[in-house]
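A.B. asks: Sequence first, then the predicted structure:
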Amino acid sequence: MGRRVEGVGAAPTSPSDGARPGAEDKEPPVKYMLIIYGNDEMWTRLQGEMDFEEVIRATDAHNAELVASGEMVGAYGVADQVQAKKVRVADGVPAVTDGPYIEAKEYIGSFTIVDVDSEERALEIASQNPVAGLVDIEVRPILHEAPTEL
């Protein structure tokens, strides 16, 4: 059973000088990964049932709102699993194989990283995604990240 998200549909806040309003009263922002899974059968069925170009336009508009609010870190569609590779190092020698060939029917189709003030906001953003009525969107906190500058 899904968890109800209060305030769904509320407009995102706008940052001023990079800080979100009320941020001084809250925990520091947390990054969340919003993951959309799918499979070939599902995507083929959905493309036959809906205007896929409209979904793309709606997704682009949703992403633009997140950029404007300062909450978007990035949104990425990934290649089909037949284009994936796996790397494993054994005895210091890297072995590259086709993959992922995991025991799962679904695979990652896309993911979005958001930097928000609360889990509730991450869930709200996921619920506003144009495909949220068609597929589940997994929401995971990002626990740490590597520094990007030396």
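C.D. replies: Cool, got the structure. Residues are numbered from 1 along each chain as shown.

A.B. asks: the strands in the chain, which residues?
C.D. replies: Per DSSP state E, the chain carries strands over the ranges 30-38, 72-77, 85-90, 93-98, 107-116, 137-141.

A.B. asks: got those strands as a markdown table, with distance to Glu53 and mean pLDDT columns?
C.D. replies: The C-beta positions use only the backbone N, C-alpha and C, and glycine is treated the same way. Output for the strands of the chain, formatted as a markdown table (distance: least, C-beta to C-beta, whole Å; pLDDT from 0 to 100):
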| stretch | distance to Glu53 | mean pLDDT |
| --- | --- | --- |
| strand 30-38 | 17 | 93 |
| strand 72-77 | 15 | 94 |
| strand 85-90 | 30 | 92 |
| strand 93-98 | 31 | 93 |
| strand 107-116 | 16 | 92 |
| strand 137-141 | 21 | 96 |
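
A.B. asks: between the ones you listed, which one is nearest to Glu149?
C.D. replies: strand 72-77 (15.9 Å; C-beta to C-beta).

A.B. asks: which neighbours does that closest one have in its sheet, and in what orientation?
C.D. replies: strand 107-116 (antiparallel) (DSSP bridges).

A.B. asks: in this structure, which helix or strand is least confident?
C.D. replies: helix 40-49 (a mean of 76; mean pLDDT, DSSP states H and E).

A.B. asks: any idea of the angle that one forms with strand 107-116?
C.D. replies: Going by axes from the mean of the first three to the mean of the last three C-alpha atoms, to 10 degrees, helix 40-49 is angled at 80 degrees with respect to strand 107-116.

A.B. asks: what comes into contact with helix 40-49?
C.D. replies: For helix 40-49, the external contacting residues (C-beta atoms under 8 Å, 6 or more residues apart in numbering) are Phe52, Glu106, Gly109, Leu134, Val135.
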